[in-house]
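**Q** Make a model of this:
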Amino acid sequence: MKMERLPKFFILVFVTTLLMITMAFISSSPKRVVFLGDSVTQMGAEPGGYIDLMRGMLKAKNLEGKFDLMGSGIGGNKVYDLYQRLEKDVLSKKPDIVFVFVGVNDVLHKTWGKDVDAGKFELFYRALIRKVKASGAEVILCTPAVIGERTDFSNAHDGDLNKYATIVLGLSKEEKCTLLDLRAMFLKYNLSHNPNNLEQGILTTDGVHLNPTGNKLVADAMMEVLLGR
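**A** Okay, the predicted model is just below:
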């Protein structure tokens with residue numbers, strides 16, 4: 001009787017060992033993180049950018065094997081553009097987490113009559129969120145940060161930018177996504193570090209694109225969210 005059960009025992013051991021090896025491999029595979037956005041994100045992947053800084057932070061914490069960070073930013077992109085290239089530039093990479101950081105161009109292009117009105121912004125943003133979530137990835141939403149750094153809301157686009165940031169905040173609640181309120185963080189920082197109410201030079205080089213301090217602020221904020229996963 002014992003001899004008849006012996007092969008089954010070895011099969012069970014083999015299957016159990018194989019499962020353990022498979023689970024160990026899965027658990028050791030880094031989570032794929034894609035940063036989807038416009039030129040701010042595109043520059044974030046360059047040396048000194050916030051994505052580059054995050055890679056350095058992970059390495060310093062001996063966590064570089066836990067996350068694989070991938071930038072997917074294109075200058076001038078609006079939310080519609082992100083939705084259009086979502087399959088090719090994001091979902092094809094099989095991400096586990098997607099940071100979405102967009103909105104500045106949707107507002108800024110109003111100067112040339114090419115803005116995306118608030119209704120369409122929300123429509124395409126919601127569709128983008130749902131498509132990413134349907135793939136199984138987690139979506140982390142970032143409010144558009146600044147178009148000008150004055151703290152008294154005298155920047156030309158403050159009204160529209162606040163409106164679009166509010167839309168992102170609402171979508172984060174309705175679609176149950178983690179929110180990173182960069183607009184609020186940038187304003188808080190400028191209130192403490194911009195006593196002369198300058199339009200640029202505190203966190204940005206030109207009122208939009210990040211300088212080293214701005215990149216560090218964003219990297220720290222995103223890293224805090226990421227390490228909570």
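**Q** The residue positioned nearest the centre of the chain: what secondary structure?
**A** With distances taken as C-alpha atoms, centre = their mean, the chain has Phe99 as the residue nearest its mean C-alpha position (1.9 Å). Here Phe99 is recorded as strand under DSSP: H, G, I helix; E, B strand; the rest coil.
**Q** That one contacts Ala219, correct?
**A** No - with contacts counted by C-beta atoms under 8 Å, Phe99 stays clear of Ala219, the gap being 11.6 Å. For glycine as for every other residue, the C-beta is placed from the backbone atoms N, C-alpha and C.
**Q** what residues do those two have in common as contacts?
**A** The contact sets of Phe99 and Ala219 do not overlap (C-beta atoms under 8 Å, 6 or more residues apart in numbering).
**Q** can you give me the strands in the protein?
**A** 31-37, 67-73, 97-101, 138-142, 178-180 (DSSP state E).
**Q** Most tightly packed of those strands?
**A** strand 97-101 (a mean of 25; mean count of other C-beta atoms under 10 Å).
**Q** Just want the angle from that strand to strand 31-37.
**A** Here strand 97-101 runs at an angle of 10 degrees relative to strand 31-37 (axes from the mean of the first three to the mean of the last three C-alpha atoms, to 10 degrees).
**Q** Give me the contacts around strand 97-101.
**A** 31-38, 40-41, 73, 82, 90, 125, 128-129, 132, 137-142, 144, 180, 182, 222, 226, 229.
**Q** How are the helices of this protein distributed by residue range?
**A** 2-28, 39-44, 50-60, 79-84, 86-89, 104-108, 118-134, 158-174, 182-193, 212-227 (DSSP state H).
**Q** Those helices: which one's closest to Thr204?
**A** Closest to Thr204 of the helices of the chain is helix 212-227 (C-beta to C-beta; 5.6 Å).
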